[in-house]
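*Asks:* task: produce atomic coordinates for the following.
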Amino acid sequence: MLKSYSENNRDGLILVSRVLLVLLFLIFGWMKLTGYSGAVAYMAQAGAPLPPVAAIIAIIMEFFVSVALILGLFVRPLAILLLLYTFGTSLIGHHYWTMTGAEQYENMINFYKNISIMGGLLLLFTTGPGKYSLDAKFKLA
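*Replies:* Numbering: from 1, shown residues only. Below you'll find the predicted structure:
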């Protein structure tokens, strides 16, 4: 029963999955876009190299790539690109192995949350954009 439901609603479920998967990036990317100076300060505090450039990269990856994925545009390559970005930010921003106490625990949670998101992005790469996407509309997938 569940298998037939998921097969009958596959494309709608892929659309919902795309939105849910990138919602975190979309929200925080928007915050960085509308608060660029705060994003630069955060990048400097987090130890990111070249904080102004890192903030621009974060805005592009988090906001604009999220919008493209929600719309279903260039889903497969952007899913891999966002996966690599997520891995990089995990190493730079959540290096729990260098911390202790509550800080270590919080960063461990965020690191493995990012690993889980990477799994979702890999699954999106594998399944593709689905019927409700610009890739399908323009036969890009």
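
*Asks:* pretty sure Ala58 contacts Leu33?
*Replies:* No. Counting by C-beta atoms under 8 Å, Ala58 sits too far from Leu33 to count as a contact (9.3 Å). Backbone N, C-alpha and C define where each C-beta goes, glycine included.

*Asks:* more neighbours: these two, which one.
*Replies:* Comparing Ala58 with Leu33 by other C-beta atoms under 10 Å, the one with more neighbours is Ala58, at 23 against 17.

*Asks:* please name the nearest non-neighbouring residue to that one.
*Replies:* Setting aside the residues directly before and after it, Ala58 is nearest to Lys32 in space (C-beta to C-beta, 6 or more residues apart in numbering), at 5.5 Å.

*Asks:* next SSE downstream of the biggest helix by length in the chain?
*Replies:* In the chain, with assignment by DSSP state H, the single longest helix is helix 101-127. The helix or strand immediately downstream of helix 101-127 is helix 134-137, counting by DSSP states H and E.

*Asks:* need the residues that contact that following helix.
*Replies:* Contacts to helix 134-137, defined as C-beta atoms under 8 Å, 6 or more residues apart in numbering, come from residues 71-75, 128-130, 140-141.
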